[in-house]
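**Student:** here is my input, please return the structure:
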Amino acid sequence: MIYEEISSESRTRRTLTGAARVLLALKMDGPLVTGLALTAAYGLVVLYSASTENLDIEVRTLMRLVLGTAVMLALARVSPNFLRRVSPWLYLIGIGLLLAVTVVGHVHLGAKRWLSFGPVRFEPSELMKLAVPMMCAWYLHERPLPPKWPTLLTLGAIILVPVGLVAKEPDLGTSALIAAAGALVVFLAGLRVRVIISLLLIGVLGAFFGLRYMHGYQRERLLTFLNPQADPLGAGYHIIQSQIAIGSGGVFGKGWMNGSQAQLDFLPERTTDFIFAVIGEEFGLLGLAALLLLYAFIIGRSLYLSMQTPDTFSRLLAGSLTLTFFVYVFINAGMVTGLLPVVGVPLPLVSYGGSSVVTVLAGFGILMSLHAHRKLMGS
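**Tutor:** Numbers count the residues shown, from 1 in each chain. Predicted structure coming up:
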């Protein structure tokens with residue numbers, strides 16, 4: 001059976017164009033790669049303006065995109081069976097690194113989130129964005145679905161341990177994304193309505209009691225989004241300036257590098273968390289719509305690939321990675337427009353940032369591996 005699949009793939013390869021043949025050999029999906037490349041190119045154009053022509057930021061971003069692409073290419077060729085076997089070890093390594101952060105982590109702007117190895121500095125929390133859904137999918141792979149309460153309790157512990165360690169750094173945004181990545185695996189496993197309602201109630205109660213353990217500025221961010229005008233020069237400043245930038249852009253925008261809020265330094269964090277507002281000001285509603293259409297294409301294509309995977313581990317992991325990417329976009333756009341609290345989530349493939357770019361592209365590499373190896377796994 002395996003021989004027949006390989007022979008079929010060889011015949012298909014002979015009928016393809018040169019570029020398609022290369023993508024097939026690399027286990028890459030052409031439409032998805034095109035969507036990712038266009039989004040990254042859009043991000044480089046916007047970032048050049050948001051950074052006020054800072055070539056250093058542009059070059060660093062390009063280097064990180066190259067690194068992320070190399071990781072994506074490498075992971076796309078890895079067997080899904082290997083990914084499943086290493087999932088527990090990757091999770092345990094990630095937990096160990098998070099514990100190391102609490103002891104010897106590098107402190108920057110009041111947060112202890114990084115580990116330094118000579119000139120190299122990285123955030124172990126980024127690793128958990130992949131390790132947690134992989135671990136949850138591994139745990140559910142050979143268990144009956146939908147999961148029963150004992151299984152859900154174990155999954156809860158798998159998710160909450162790294163979430164708690166990351167929230168303590170403190171990094172509320174990343175901890176929320178890790179929780180979402182794990183929770184999506186559980187949701188995709190199939191849950192009865194009463195179980196979903198029960199888990200939602202538990203989540204609401206947990207969030208309510210969790211407020212008392214947050215730092216003061218974190219509570220302010222969560223509460224100020226309801227009425228940013230209550231503190232226009234303090235906690236509400238980010239949201240107010242962001243809304244001014246987006247509103248002033250109108251339908252067509254002010255033009256590339258002509259946004260007053262960004263160019264005159266009124267908009268804070270304009271190269272990272274609030275770059276969505278820069279797009280709205282300079283390219284207007286049409287520019288935002290174009291970016292959202294690119295994201296919609298990436299998500300739609302990823303869901304299509306996810307549905308073709310053959311086993312429980314692959315379907316749960318691929319679906320979670322796809323929907324987590326959607327959550328990244330939704331949270332960033334929501335917080336920039338004032339619909340959600342400011343929690344520090346970058347806009348994927350557009351915001352300036354190192355670890356997050358590599359993590360996003362690594363996730364798509366895993367997704368393409370799960371899809372490209374589906375025939376051999378099903379044999």
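**Student:** now do the strand or helix carrying residue 92: everything it contacts.
**Tutor:** Taking DSSP states H and E as the definition, residue 92 sits inside helix 80-104. The contact list for helix 80-104 (Cβ atoms under 8 Å, 6 or more residues apart in numbering) reads 112-115, 124-125, 127-128, 130-132, 134-135, 137-138, 141, 158, 161-162, 165-166, 168-169, 313-314, 317, 366, 369-370, 373, 377. Every residue, glycine included, has its C-beta placed from N, CA and C.
**Student:** rerun at 7 Å
**Tutor:** 112-113, 115, 124-125, 127-128, 131, 134-135, 138, 141, 161-162, 165-166, 169, 313-314, 366, 369-370, 373, 377 (Cβ atoms under 7 Å, 6 or more residues apart in numbering).
**Student:** let me see the mean pLDDT of it.
**Tutor:** Helix 80-104 carries an average pLDDT of 92.
**Student:** if we can go back for a sec, ok, of the contacts of helix 80-104, which come out buried?
**Tutor:** Among those, those that count as buried by neighbour count (16 or more other Cβ atoms under 10 Å) are 112-113, 115, 124-125, 127-128, 131, 134-135, 138, 162, 165-166, 169, 313-314, 366, 369-370, 373.
**Student:** filter those residues down to the ones in helices?
**Tutor:** 124-125, 127-128, 131, 134-135, 138, 162, 165-166, 313-314, 366, 369-370 (DSSP state H).
**Student:** ok, those vs residue 263, which is closest?
**Tutor:** Proximity of those to residue 263 (Cβ to Cβ) peaks at residue 125, which lies at 32.5 Å.
**Student:** could you find the closest non-adjacent residue to residue 347?
**Tutor:** residue 332 (4.5 Å; Cβ to Cβ, 6 or more residues apart in numbering).
**Student:** with residue 121 instead?
**Tutor:** Per Cβ to Cβ, 6+ apart, closest to residue 121 is residue 114, 5.0 Å.
**Student:** ditto for residue 355
**Tutor:** Computed as Cβ to Cβ, 6+ apart, the closest residue to residue 355 that is not its neighbour in sequence is residue 126, at 4.1 Å.
**Student:** pretty sure the one you found sits against residue 357.
**Tutor:** No - with contacts counted by Cβ atoms under 7 Å, residue 126 stays clear of residue 357, the gap being 9.7 Å.
**Student:** spatially nearest residue to residue 239 (excluding sequence neighbours)?
**Tutor:** residue 228 (4.3 Å).
**Student:** show the pLDDT at the one you found.
**Tutor:** 74.
**Student:** next one: it from residue 340, what distance?
**Tutor:** 12 Å (Cβ to Cβ, to the nearest Å).
**Student:** those two - which one has more neighbours?
**Tutor:** residue 228 (20 against 17; other Cβ atoms under 10 Å).
**Student:** these two touch, right, that one and residue 238?
**Tutor:** No - using Cβ under 7 Å, residue 228 is not in contact with residue 238; the gap is 8.2 Å.
**Student:** quick check: residue 257 touching residue 47?
**Tutor:** No - using Cβ under 7 Å, residue 257 is not in contact with residue 47; the gap is 11.5 Å.
**Student:** ok, the two, which is more surrounded?
**Tutor:** Higher neighbour count among residue 257 and residue 47: residue 47, with 22 against 15, using other Cβ under 10 Å.
**Student:** now do the SS call for the more buried one.
**Tutor:** helix (DSSP: H, G, I helix; E, B strand; the rest coil).
**Student:** and residue 121, by the same measure?
**Tutor:** strand.
**Student:** please name the bridge partners of it.
**Tutor:** Per DSSP bridges, residues listed as beta-bridge partners of residue 121: residue 116.
**Student:** what about it, distance to residue 131?
**Tutor:** 19 Å.
**Student:** now residue 290: which helix or strand?
**Tutor:** Counting by DSSP H and E, residue 290 is found in helix 275-307.
**Student:** what does residue 242 give?
**Tutor:** helix 237-249.
**Student:** re the thing from before, helices or strands up against the helix or strand that contains the residue nearest to residue 347?
**Tutor:** Take DSSP H and E as the rule and residue 332 turns out to sit in helix 312-336. With contacts taken as 3 or more Cβ pairs under 7 Å, 6 or more residues apart in numbering; DSSP states H and E, helix 312-336 sits against helix 124-140, helix 172-188, helix 275-307, helix 355-372.
**Student:** just the mean pLDDT for the last one, thanks.
**Tutor:** On average, the pLDDT along helix 355-372 is 93.
**Student:** stretch 150-165 too?
**Tutor:** Mean per-residue pLDDT for stretch 150-165: 93.
**Student:** now do stretch 272-280
**Tutor:** 92.
**Student:** so which of the helices and strands packed on helix 312-336 comes closest to residue 149?
**Tutor:** When those are ranked by distance to residue 149, counting by Cβ to Cβ, first place goes to helix 172-188 at 12.0 Å.
**Student:** now do that closest one: which elements does it pack against?
**Tutor:** Right, helix 172-188 is packed against helix 124-140, helix 149-167, helix 312-336 by 3+ Cβ pairs under 7 Å, 6+ apart.
**Student:** show me where pLDDT drops low in the stretch 251-379 of the chain?
**Tutor:** Filtered on pLDDT under 70, the stretch 251-379 of the chain yields the residue ranges 354, 375-379.
**Student:** check contacts around residue 152.
**Tutor:** Applying Cβ under 7 Å, 6+ apart, the residues contacting residue 152 are residue 186.
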